[in-house]
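Pasting a predicted model and its sequence here:
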Amino acid sequence: MGYGYIFLANAQDEYESSISWYNERSRLAADQFIEAVDHALQLICDHPNRWRNEYKNYYELGVKKYPFSIVYTIDAKQGLVIVSSIYHQSRNPKKKYKK
């Protein structure tokens, strides 16, 4: 049985601003970005412990064809993946794991 997922407010803001950025350049690129993130989230929900455990209880999976990683924690009791960041690789890595 797969997990569900939720976005923390910061992750939701990052995701929406990234979609807006791609949408300003190309609707197709924005749609493909959404599909790539959805696919990565499905992989994470199917096997949450499979991906890199980079720091403390944070896991990370790169989004194919885009310079983003999905940073998340796992709440096994509730069966939830908690997305803390849709992290762009050009940003300061020291801020990657902050809530």
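Cool, got the structure. Numbers count the residues shown, from 1 in each chain.

Quick check: beta-bridge partners of the residue nearest in space to the middle of the chain?
For the chain, the residue sitting closest to the mean C-alpha position, by Cα atoms, centre = their mean, is Ile70 at 2.5 Å. Beta-bridge pairing for Ile70 (DSSP bridges): Leu61, Ile86.

Residue ranges in the protein under the pLDDT threshold?
Filtered on pLDDT under 70, the chain yields the residue ranges 1, 54, 92-99.

just to revisit the earlier point, go ahead and confirm the residue nearest to the centre of the chain touches Val83.
Yes: using Cβ atoms under 8 Å, Ile70 is in contact with Val83, at 6.0 Å. For the C-beta atoms, the positions are set from N, CA and C on the backbone; glycine is no exception.

shared neighbours of those two, which are they?
With contacts defined as Cβ atoms under 8 Å, 6 or more residues apart in numbering, the residues shared by Ile70 and Val83 are Leu41.

residues in contact with Gly4?
Applying Cβ under 8 Å, 6+ apart, we find Gly4 in contact with 45, 79-81.

Count the residues that sit near Val81.
Counted with other Cβ atoms under 10 Å, the neighbours of Val81 add up to 21.

residue ranges of the helices in this structure, please?
9-25, 27-46 (DSSP state H).
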